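Peer 1: please find the sequence and the predicted model below.
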Amino acid sequence: MIRKPITIGISNGLEARPIALLVQVASQYTSNIYLESEERKVNAKSIMGMMSLGLDAGEKVTVSVDGVDEEEAMKGIEEYMSKNAAEK
C-alpha cells in the first residue's frame, strides 16, 4: 500500500467534469484507490463518492493505493490531480 498527500492543482477544484476525468484515470488501474479528506475516505472510482468530498483547488488530500499496479496508479492520479484540468 502506498499513501501520499497531494495538493489539488486543478484550477476549479474537483467539480463534475474534473471528477469524471479523475474517475476515468482511476478506473484504468486494478488497484484500490481512495482519497481521504479530513475524516472522510472515498473510492476514487466512484463518481458519487468523489462528488461528496467537495474539494477545492489548493486543498490537500491523502491518496492511498493498494494493488498490483499501485505505483503506476499513484503516478497517474498524482499527475492528473497536480495539473490544471484545462490541459486535459
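Peer 2: Here it is on my side, so go on.

Peer 1: Val25 in helix, strand or coil?
Peer 2: helix (DSSP: H, G, I helix; E, B strand; the rest coil).

Peer 1: OK, contacts around it?
Peer 2: Gly76, Ile77, Tyr80 (C-beta atoms under 8 Å, 6 or more residues apart in numbering). (Each C-beta comes from the backbone N, C-alpha and C, glycine too.)

Peer 1: can you rerun that using 10 Å?
Peer 2: Neighbouring residues of Val25 by C-beta atoms under 10 Å, 6 or more residues apart in numbering: Ile33, Ala44, Lys45, Ala73, Gly76, Ile77, Glu79, Tyr80, Met81, Lys88.

Peer 1: show the pLDDT at it.
Peer 2: For Val25, the model assigns a pLDDT of 96.

Peer 1: which of the contacts of Val25 sits closest to Glu59?
Peer 2: Met81 (10.4 Å; C-beta to C-beta).

Peer 1: which SSE is the closest one in?
Peer 2: Assigned by DSSP states H and E, Met81 belongs to helix 70-82.

Peer 1: re earlier: of the contacts of Val25, grab the buried ones for PyMOL.
Peer 2: Buried subset of those, written as a PyMOL selection, criterion 16 or more other C-beta atoms under 10 Å:
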select buried, resi 33+44+45+73+76+77+80+81
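
Peer 1: just send the contacts of Val25 back as a markdown table, with distance to Leu21 too.
Peer 2: Formatted as a markdown table, the contacts of Val25 follow (distance: C-beta to C-beta, whole Å):
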| residue | distance to Leu21 |
| --- | --- |
| Ile33 | 14 |
| Ala44 | 12 |
| Lys45 | 13 |
| Ala73 | 15 |
| Gly76 | 11 |
| Ile77 | 11 |
| Glu79 | 12 |
| Tyr80 | 7 |
| Met81 | 10 |
| Lys88 | 6 |
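
Peer 1: now the contacts of Val25 as CSV including pLDDT?
Peer 2: Formatted as CSV, the contacts of Val25 follow (pLDDT from 0 to 100):
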residue, pLDDT
Ile33, 98
Ala44, 97
Lys45, 98
Ala73, 98
Gly76, 97
Ile77, 96
Glu79, 94
Tyr80, 93
Met81, 91
Lys88, 40
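
Peer 1: quick check: of the contacts of Val25, which lies closest to Leu53?
Peer 2: Ala44 (10.1 Å).
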